[in-house]
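**Q** Have a look at this prediction, sequence included:
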Amino acid sequence: MSTPAQHSIETRDLNLWYGDFQALKGISVCIPRGQITGLIGPSGCGKTTLLRCFNRINERYGDVRTTGEIDVLGQNIYAPEVSLIELRKAVGMVFQRPNPLPISVYENVIFGIRVHSERKNLKKSDLDEAVEKALSEVGLWEDLKDRLNVRATSLQLEQQQKLCIARLLPLKPDIILMDEPCSALDVEATLHIEDLMLTLAGRYTIVIVTHNMAQARRVSHECSFMLMGEMVETARTQDLFLTPRDARTADYIEGRYG
Amino acid sequence: MFEISAHTRRKRRAELLARGIFLSMTLLMVLPLLLILGFLIWKALPILSLDFILDNPSKGMRAGGIWSPLLGSIYLVFISLVIATPIGVLAAVYLNEYARESWFTRVVNLAVVNLAGVPSIVHALFGLGAFVLFMHIGKSILAASMTLAIMTMPVIIASTKEALASVPISFREACWNVGATRWQTIRHVVLPNSISGILTGVILQVSRAAGETAPIMFTGAVFFKAIEEGNLFAYGLFDQCMTLSMHLFTISTQVPDVPDALPYGTAVVLLGMVLLVNAVAIVLRVYLRSRKKW
Ligand SMILES: Nc1ncnc2c1ncn2[C@@H]1O[C@H](COP(=O)(O)OP(=O)(O)OP(=O)(O)O)[C@@H](O)[C@H]1O
Ligand SMILES: [Mg+2]
C-alpha cells in the first residue's frame, strides 16, 4: 500500500456469479474513508453479496466467480500478493443474527488474536488489556467486566451484537461491514447500536446494509441504492432521500416496492 | 363463561389419547430391553466370576471361561477402530469442510451412503479376497481388523459428516471474518462443537464391530485357540483369534451338551463390554462439553 487513498473501498465494474446466476452487475462504487455508508435495496438485490466481496469472503460460499476490480485502501485485493488473512483482519464483518461463539465473553474478544498468534507469544496481561480496550470501545466494559467468563451465547442480544463488533477490534480493522446488524434487535437496542456506530465512525469506515429506511437516514453519511444486482444511485444521504435522481430510487424510498 | 365446549372436550380426549399412545410405545420399547437384560443376567448369574473372564475355554468348550475370545474381541474392535476412525473422520472433514460440490464429491458421497448399507458378509468376502489372499496377510487379527475397519468406515464418515453439518454456518462465518484459515476454523470452532456427535458415531461402531461374526469368520477368527491366561498381549497381529460373538455362536449351536449358563455368561460379557465403552464415551462427552475447548 502506497499513498493513503481517500476512498476506503472502490470497485470498478464488479460482476459476480453464483454458478450461472449473476448476482452483481457492473457495480462501480466508492466508499469514503471514516464515514458510514448505507446500502439499501429490496430483498435479494445483492447487498449481502456486495458486502462479502469487500473481504473476499464470498469465495468460501461455494461456486462463486467474480470479474472487475476492488481496491481496499488503495490496494487491489485481487492482486496475487494480497493475503486473504491480512485482508480479512483489516475488513471485518458483523451479521444479521449476532453470532458469538459458544465460549466465554473473554475468549470471544481475543478469538482473533488467538487465531493469529503463537500461543507462547501471548501474554495474559496483553490479552486482558485487549479485552478491556475492545469492550470499552463498544460500551460493554462496565456491564461485563465482572462477567467475562460467562458464556457469550447467554448474553442479551444487544450485548451479543456489541460483542461481535468488539471481537473485530483487537485486529485493528480499518473497515467494518455490517449486514443488517439491528434486524434481530428491538427498538431500544437498535438505537444503542446506532449510537455505537456513530461513535465508531471516523476511526473506522463502516458500511451498513439495512432494510430500515429510517435507520439509513439516521446513521449514514452516504447512501447507495441497489436493485437486482445493479447499483442504481449513490449520494449524500439527505440528497438521496430528499432529491433522488433516479425514478426507481424515488419509488423505493417511498415504499412503492421492496 | 369459559365453559368447556363439546368440541374442546373432544380435542382434550384426543390429546390424552395421543399422549397415552406415545407413552405406551416408549414403554413397549424399553420393556423388552430390560426383560432381555434381566433374563440374560439371571441365566448367567451362576457362572459369572472373575475366573470366568480370566480362564480359557476348556473341555471342548463345555467348561472354563472366555479369556481367549474376550481378548480376541478387544483386539479386533480396538485395532479396527484405530484404523477406521482417523481415516473416516478426516475424510468426513474433507468432504464437509473443504470439498466443493462437484461430480467427484457427489460420487464419493453416493459411495459412502451405499457402502454403509452393504451387508457384512460382502465385506467378509472382500476382506478374504483383498487382505487374506491378495495382500498375503493370511487369516489373522490384522486381516480381520482391516475387514471390520472397511465395514465401519463408511458409517463413521456418514455420522461424522452429519455431526459437522450440524455446526451452524454462523460459527464458521464468525471465524472466517477474523481472517481464520479453513484449518483454524475447523480446529477452533467446528471440531470442538461437533466432537460429541463424532464420538457417538464412532462408539456406535464399537458395538457393531464387536457383534459381527460374518466378516471375521473368513478373515481371522477361529473356533478354538487357547492363549496365555491373564496376559493382555497374548495375541500377535498375525495370529488368528477367538472372538466373543463367534464363540457364542459356536457354543450355542455347534457344540452339544454345553451347560446352560455358559452362552448366557458369554452374552453378558459381550454386552458388558459394549456398555462399558458406551459409558466411557458418555463420560468423555460430558467432560468435553464442560470444557468446550481443548
Ligand atoms: N451462496 C449462494 N449461492 C447461490 N445464490 C446465492 C447465494 N447467496 C445469495 N444468492 C442469491 O444471490 C442474490 C442476492 O443475494 P443477497 O443475499 O446478496 O441479497 P440481499 O440483498 O442481501 O438480500 P436480503 O435483503 O434478503 O438479505 C439472491 O437472489 C440470492 O438468492
Ligand atoms: Mg442480505
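**A** In hand now; what should we look at? Numbers count the residues shown, from 1 in each chain, chains lettered A, B, ... in the order given. Ligands and ions are numbered 1, 2, ... in the order given.

**Q** Count the residues that sit near B:N56.
**A** Counted with other C-beta atoms under 10 Å in any protein chain shown, the neighbours of B:N56 add up to 20. Any C-beta I mention is one placed from the backbone N, CA and C, and that applies to glycine too.

**Q** My read is that it contacts B:G64, right?
**A** Yes - in this structure B:N56 lies within contact range of B:G64 using C-beta atoms under 8 Å: 5.7 Å.

**Q** Tell me where the stretch 101-250 of chain A has helices.
**A** A:105-109, A:111-116, A:124-137, A:141-144, A:157-168, A:187-200, A:213-219, A:237-242, A:247-253 (DSSP state H, counting those that start in this stretch).

**Q** Now do the fifth one against helix A:187-200, angle only.
**A** Yep, that's helix A:157-168 we're talking about. 20 degrees (axes from the mean of the first three to the mean of the last three C-alpha atoms, to 10 degrees).

**Q** For the residue positioned nearest the centre of chain A, which non-adjacent residue is spatially closest?
**A** The residue lying closest to the centre of chain A (C-alpha atoms, centre = their mean) is A:L177, at 0.8 Å. The spatially closest residue to A:L177, leaving aside those adjacent along the chain, is A:M93, at 4.4 Å (C-beta to C-beta, 6 or more residues apart in numbering or on different chains).

**Q** what do you get for B:S170?
**A** A:N99 (3.9 Å).

**Q** Surely the one you found and B:E173 touch.
**A** Yes - between A:N99 and B:E173 there is a contact under C-beta under 8 Å: 6.4 Å.

**Q** Compare these two (neighbour count), which wins?
**A** A:N99 (23 against 20).

**Q** That one looks like it's in a helix, true?
**A** No - A:N99 sits outside any helix when classified using DSSP: H, G, I helix; E, B strand; the rest coil, being coil.

**Q** Just the C-alpha atoms of the helix or strand where the residue nearest to A:L177 lies, please, in PDB.
**A** Taking DSSP states H and E as the criterion, A:M93 maps to strand A:91-94. Output of strand A:91-94 as PDB, limited to C-alpha atoms (Å, rounded to 0.1, in the frame of the first residue of the first chain):
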ATOM      1  CA  VAL A  91     -12.100  -5.700   6.900                       C
ATOM      2  CA  GLY A  92     -14.300  -7.300   9.500                       C
ATOM      3  CA  MET A  93     -17.900  -8.200   9.300                       C
ATOM      4  CA  VAL A  94     -20.900  -8.200  11.600                       C
END
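
**Q** Would you mind checking the average pLDDT for it?
**A** In this model, strand A:91-94 carries a mean pLDDT of 93.

**Q** Return the list of helices and strands in contact with the helix or strand hosting B:I282.
**A** Here B:I282 sits within helix B:261-291, counting by DSSP H and E. Packing partners of helix B:261-291 (3 or more C-beta pairs under 8 Å, 6 or more residues apart in numbering or on different chains; DSSP states H and E): helix B:6-44, helix B:50-54, helix B:67-93, helix B:191-211, helix B:244-249.

**Q** Tell me which of those approaches A:D195 most closely.
**A** Checking the helices and strands packed on helix B:261-291 against A:D195 by C-beta to C-beta gives helix B:191-211 as the closest, at 33.1 Å.

**Q** Give me the angle between that closest one and helix B:261-291.
**A** 180 degrees.

**Q** on that earlier part again, report how many residues lie close to the residue nearest to A:L177.
**A** Neighbours of A:M93 using other C-beta under 10 Å come to 26.

**Q** pretty sure it contacts B:N177?
**A** Yes - in this structure, A:M93 is within contact of B:N177 by C-beta under 8 Å, at 4.3 Å.

**Q** who touches both of these two?
**A** Common contact partners of A:M93 and B:N177 (C-beta atoms under 8 Å, 6 or more residues apart in numbering or on different chains): A:55, A:57, A:168.

**Q** closest to chain B out of the helices of the stretch 101-250 of chain A?
**A** Chain B lies closest to helix A:111-116 among the helices of the stretch 101-250 of chain A, at 3.7 Å (C-beta to the nearest C-beta).

**Q** Indicate whether that closest one makes contact with chain B.
**A** Yes - applying C-beta under 8 Å from any C-beta of the partner chain, one finds helix A:111-116 touching chain B at A:111-112, A:114-116.

**Q** ok, and the most crowded of these?
**A** Going by other C-beta under 10 Å, A:G112 tops the residues of helix A:111-116 next to chain B with 27 neighbours.

**Q** Thanks a lot, see you next time.
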